Each structure stands twice: as C-alpha cells, then as structure tokens.
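*Asks:* need coordinates for the following:
(2 chains)
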Amino acid sequence: MNIIEINNLTFRYKNRFIYDNFNLNIKRGTWVTIAGPNGAGKTTLVKLLAGLEKSYSSISIFGKPVNKKNMYEIRKEIGFVFDNPDNFFACETVADELAFSLENMAVYPPTIKKKIREISSLLELDDILNENPYDLSGGEKQKVALACALMLEPRILVLDEALIMVDVKQKARLLEILKKYNKEKRVTIIFLTHDLKETLYSDRLIVLNKGKIIIDGPYPKVFDEERVMRKIGLEVPFEVELSQKLRVYGLVDEIYLDLERLVDNVWK
Amino acid sequence: MEVIFKNVSFSYNLGMSNEKKAIDNVSVFLQGNLIHGIIGPIGSGKSTMLELMNGITKPTSGEIVVGNYELTNTKSNFNFNDFRYDVGLVYQFPEKQFFCSTVEEEIAFSGKVFNPKDKSIKNKVKKALKMVGLDDSYVKRSPFSLNGGERRLVAIASILISNPKLLIMDEPTIGLDNNSKKRLMELIKNLKTRYMKTIIIVTHDVDMLYEIVDDVVVLNNGRVIKHGNKKEVFSDVQLLDKYGAPVPSVIRACSIIKERTNINLGHVKNLNNLVRTIANKCIDKKMVVANEK
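*Replies:* So this is what the prediction gives:
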C-alpha cells in the first residue's frame, strides 16, 4: 500500500521551476533514501510534504490530500527532523524537551515519563537527560531532535540531513537503531541526504537532480550507476569507489560494500 | 600566527550542580602557516577548544596565546577589535547568516563592522571574492540565488575581507556535495600556500582532512590524546579506534589489508594512490607465483 503518493507535482519559486510534473509513490514500512546534490530539490520536497509550501492536492499522505483541511490529521502522524537542531529547542533540560510535545497534547504525565524512559534508552540518551540541550554538542543535539520526533510515535519519519553533525561511529549506531525501529514498528522512513555513505540501511534509493528522479532502485544494486552519481556531485561510499577502480584493473568483478569482503576477494 | 594552549581548562556552568568539564588541562602548540585539524568523537571538546582560541569563551584556568594576543580568564590587555581583525571564524553553515540582497553588500557588511567609513570597501570585496576563487560577476547577484557551494564560498569571503592571519573553521564541508567540497578543499590549500594563512579546522570529515591537513590534534573527554603530523597520527589506527576518533577510509583500508593479508602498503596518500599500490602488489604476487611455477 502506498503511504505517500505524489502525482504530477509542479512547484516553482518565482520563475524557477523546482518540480515539473513530478511523480513518486512510497510504500508503507519502507526506508527510502532520497539523495541529491545541493539544489536538487530535497528540502523543497520536505516542505511540500509538511504542507509548508502549497502542493495543490498533488500530494496525498495516508490517502488524504495534503491541504489545510487535512493538515492537522496528517502532521500528527509525521515526525520531521531537520539539519539544524539549534532552531528547535524550547526547554531547559533534555527530559523537558522530550516531554514538550506530549504535554501539549495533554497526555497523562506517567505515560509521558514511561515514553521518555523508552525513547532515551532506545537512543542511548540516559546520561544527558538532565542537561540543557544548548550545552550539548551538535551531534548530541541532533540525537535529541530525533528522540523528540520519535516521542510522538510517528507513522512516517522524515529525516532531512538529520545526522549531518553526528560523528561516523555514532551515525553508524543510530542508523542501526533506526533500521530496527523501522522493521519493528513498520515506520516509513524518508531519509534525505547528499551523502551516500548514509544510505547503508535503505530499501530503496532515489537520486534527485534538478527536481527530476534520475536513479531509482533497490539498494545496493543502484550503485551500478555510480558514475552518474559522481557526475552530479554526489559522494559515493568509499567502498563503492574502491571496488569500481579495482574493477578497472580486473582485480574484482563486482561492487562490495564491505571492505573485508573486498580485500578477501582481491587476495583470494 | 601560532596558537599556544598552556594548561588550559574550561568548565561549563562553573560552580553549579551541573558543572561539566569540557577542556581538561590541555597544553598544545599549533605552528603558524600550517593547516591543523582537530578531531575526536562527539562531546570530546572540539567546538569548545575552537571557541576558546577565538576568545568567545574564556578559559577557567590556564592561558591561550594567539599570535601576540594573550587570552586568560582575567580582563584582556588588548583591543578585542584588533583580535577579531586578525582571527577569522567560519561557523558551521555560515551561509545561514546571510541577510543582504547582493553578494557585494553581504561581504562588505562584515568589513564595515571594523571600519564603517572605509572607502576602499569595494576593492576589498573584490579581493575577498578573488581569494575564494569567484569572479566579479558574482558582485551584483543575490546570495540566495547561489548554490550551496557558492554560498559557502561567499560566506568565507565575508570573513576574509578583514584579511585575517588565522582562520578557524568549524565543520567547513558540512552539508556540501562532492563538487563543492573539492572546490572548498582547493581554497583552503590555496589560503595556506598563496596567502600564508594559518588554518585550524574542526571536523568529523577525516577523509577531507587527510588530503589537506599538515598536523592533527585528537581529543577525547577534553584531553589531547595525540598530536603530531597527519602521517603519525592517522597511522595509529588502534589508538583512534580505542577513543572513538574517526579514521580516514584510505587508512582504514590499509589497516584491513594488513590485518587480513599481512601486506604492508606503506604510506598511501589518497584513493588513487591506494588503488595503484594494491594493483602493483597483486601484479608482483602474480609474477612471483608464475615464476615459482
């Protein structure tokens, strides 16, 4: 079942067309990564999904067109996390920040406390619950922003460059946690990035360039088109680039995403 | 312009119940006219160190010397305006602070902060644009009409208008696509070699760092755990792994090859160099096997 349907979307800023007759369907429970260079239209797409820009009913979420009438119902079920968490915090401690949205929805306080425990243990935030969010490092702030989105148990999670400040190790750990969450809760994840190293757990990878889908396929088969990705300025994972270059020398015959397997195959 | 940390410590919320030590007795000497990298896991004190050397926060104890300026927790004995003139800071996403309608106004704005009646401001704008590799055709364009990479360059030009001797950059490549990133890396190298600037970069992007940096400081829990030239620091994969610091992909690949095949590839500069070295080793091995037969 398609949870998001975009049909013939046309959108422009002044005279510049960002999307012209754009179509995209996303199935429930999948992890879709939308990658593209700066200016590909990724953030505009998020704004359109969130109803921050008018899409004139060419976008439907949960079968309902995104418009003023359905906005509340739709937004309740979608968690958005953006790249700059500094614009986001309103409370003095991380725990208050996590509780904020549920308190506004008049959720029973013990239920909120239980939820905070659950989410903070999931994202490993227990040590910083009493800290002021503004005293945290950039990576920690992004983890808290993600936790706030998960507090609402969204059916769709839209992450727009949401792990950009997190270091490599933490990023790998967070992606792993998110994948588990995606499988267990059947949450649809839409992951927007310009860095293809973050696509490791995707079911489907879409590459956008100037408002058009130029590559769309299951992961990791899409990396056969690595050259196109690099040509438009995307940074492909190191393993993919290394495999591709060793292929030229005839040292491997396919693309490996795991360095150890790649090395074993070169020296077999 | 060199930067010296002498037994510097810094705590957030000093004297309160939630006091947190971010920098713990750090002593380090960063030589002038080099590109320095500061790396470490999240919360290791990278950004705090950067704020300390830029005078945004004062150390709880110890002393920081930046060129001729001494930064301590007591009142400074120099004009902070001069210090700001000599030390440029490029924040994360500097382009998010744009508010002028043309590139010229945007870059001139920061120059006018130092000298509101500066008559040579137009020339300075052009010079700053030239430094970042953009031509005069950008002068009248809106900064909001530029792509991500160009916006970053304009934001850096607005810092370079005061011609600082030291440039401190916090995650300069964050959010940039590959082409823009390469352009920025060239610019940083150029600022060092052609314009003789000292550059300090705080980043997670060690693949970028490995290609351009001279020296690296590794931080963990507010302490310096390793400091030296890039070859020395990055070749100690075990230490970097132990403290959760990132390792450049090329070095990681060499370490895996050593682990699984016992072949030491030596110093590898970049991906192309790695591919050629692997190919040579494999061709050597095949010739040995053929000769033995």
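
*Asks:* wait, doesn't B:N264 sit right on B:K258?
*Replies:* Yes. With the criterion set as CB atoms under 8 Å, B:N264 and B:K258 qualify as a contacting pair; they are 5.7 Å apart. Placement of C-beta: from N, CA and C, glycine included.

*Asks:* looking at those two, which is more packed in?
*Replies:* Between B:N264 and B:K258, counted using other CB atoms under 10 Å in any protein chain shown, the more crowded position is B:K258 (14 against 9).

*Asks:* so which strand or helix has that one?
*Replies:* In this structure, B:K258 is located in helix B:249-261 according to DSSP states H and E.

*Asks:* buried ones in that helix?
*Replies:* B:S249, B:V250, B:I251, B:R252, B:A253, B:C254, B:S255, B:I256, B:I257 (16 or more other CB atoms under 10 Å in any protein chain shown).

*Asks:* quick check: closest non-adjacent residue to the third one.
*Replies:* Here the nearest residue to B:I251 in space, its sequence neighbours aside, is B:F234; by CB to CB, 6 or more residues apart in numbering or on different chains that works out to 5.0 Å.

*Asks:* now do the same contact list for that neighbour.
*Replies:* The contact partners of B:F234, by CB atoms under 8 Å, 6 or more residues apart in numbering or on different chains, come to B:V206, B:Y210, B:V216, B:L240, B:V247, B:P248, B:I251.

*Asks:* related to what we said a few turns ago, nearest to chain A among the buried residues of helix B:249-261?
*Replies:* Distance from chain A was checked for each of the buried residues of helix B:249-261 by CB to the nearest CB. The minimum falls on B:S249, at 3.7 Å.

*Asks:* identify the residues contacting the residue of the stretch 1-150 of chain A found nearest chain B.
*Replies:* For the stretch 1-150 of chain A, the nearest residue to chain B under the criterion CB to the nearest CB is A:N38, separated by 2.9 Å. Under the criterion of CB under 8 Å, 6+ apart, the neighbours of A:N38 are A:H194, A:G233, B:N147, B:G148, B:G149, B:G175, B:L176, B:D177, B:S180.

*Asks:* ok, the fourth one touching A:G39?
*Replies:* Yes. Contact between B:G148 and A:G39 holds when scored by CB under 8 Å: they sit 6.4 Å apart.

*Asks:* nearest spatial neighbour of the residue of chain B found nearest chain A, skipping sequence neighbours?
*Replies:* Distances between chain B and chain A by CB to the nearest CB are smallest at B:G148, namely 2.9 Å. Nearest residue to B:G148, sequence neighbours excluded (CB to CB, 6+ apart): A:N38, at 2.9 Å.

*Asks:* check the one you found and give its pLDDT.
*Replies:* What the model reports for A:N38 is a pLDDT of 75.

*Asks:* neighbours around residue 53, how many?
*Replies:* No chain specified, so I'll use chain A. Neighbouring residues of A:E53 were enumerated by other CB under 10 Å; the total is 15.

*Asks:* think we crossed wires, I meant chain B
*Replies:* Residue neighbour count, defined by other CB under 10 Å, stands at 25 for B:M53.

*Asks:* and the pLDDT for the closest residue to it other than its chain neighbours?
*Replies:* Using CB to CB, 6+ apart and skipping the chain neighbours, the partner closest in space to B:M53 is B:V3 (5.4 Å). pLDDT, the model's per-residue confidence, is 93 for B:V3.

*Asks:* ok, back up a step: which neighbouring elements make contact with the helix holding B:K258?
*Replies:* Using 3 or more CB pairs under 8 Å, 6 or more residues apart in numbering or on different chains; DSSP states H and E as the contact definition, the elements that helix B:249-261 packs against are helix A:238-248, helix A:259-266, helix B:206-212, helix B:237-242, helix B:271-292.

*Asks:* pipe those into TSV and attach mean pLDDT, distance to B:E105 and mean neighbour count per row.
*Replies:* As requested, these are exported to TSV (pLDDT from 0 to 100; distance: least, CB to CB, whole Å; neighbours: other CB atoms under 10 Å in any protein chain shown):
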stretch	mean pLDDT	distance to B:E105	mean neighbour count
helix A:238-248	87	41	19
helix A:259-266	86	48	17
helix B:206-212	90	31	22
helix B:237-242	89	44	16
helix B:271-292	76	41	14
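
*Asks:* where does the residue nearest to B:G148 land in three-state SS?
*Replies:* coil (DSSP: H, G, I helix; E, B strand; the rest coil).

*Asks:* what backbone torsions are found at it?
*Replies:* Note on A:N38: its backbone torsions stand at phi -60, psi 130 [degrees, to the nearest 10].

*Asks:* one step back: tell me the one of the buried residues of helix B:249-261 nearest A:F89?
*Replies:* Nearest to A:F89 among these is B:S249, at 33.5 Å by CB to CB.

*Asks:* contacts only, for that closest one.
*Replies:* A:F238, B:D207, B:L271.

*Asks:* between these, which is closest to B:M49?
*Replies:* The shortest approach to B:M49 among the contacts of B:S249 belongs to B:D207, at 21.6 Å (CB to CB).

*Asks:* per-residue pLDDT, the residue lying closest to A:D83 once chain neighbours are set aside?
*Replies:* Spatial nearest neighbour of A:D83, excluding adjacent residues (CB to CB, 6+ apart): A:E161 at 3.9 Å. Each residue has a pLDDT score; the one for A:E161 is 86.

*Asks:* distance of A:E161 from A:L192?
*Replies:* Using CB to CB, to the nearest Å, A:E161 is found at 6 Å from A:L192.

*Asks:* A:L205 now?
*Replies:* Where A:L192 is concerned, A:L205 sits at a distance of 12 Å (CB to CB).

*Asks:* geometric centre of the chain: which residue is closest?
*Replies:* No chain in the question, so chain A it is. A:F191 (2.0 Å; CA atoms, centre = their mean).

*Asks:* wrong one, chain B
*Replies:* Centroid-nearest residue in chain B, with CA atoms, centre = their mean: B:I201, separated by 1.2 Å.

*Asks:* pretty sure it is in a helix, no?
*Replies:* No. Read with three-state DSSP, B:I201 is strand and lies in no helix.

*Asks:* beta partners of it?
*Replies:* The residues paired with B:I201 through beta bridges, assigned by DSSP bridges, are B:G37, B:M169.

*Asks:* distance of it relative to B:L209?
*Replies:* Here B:I201 is placed at a distance of 7 Å from B:L209 (CB to CB).

*Asks:* mind listing the helices for the stretch 1-150 of chain B?
*Replies:* Chain-ordered helices for the stretch 1-150 of chain B, with DSSP state H, counting those that start in this stretch as the definition, fall at B:46-53, B:80-86, B:103-114, B:121-131, B:148-160.
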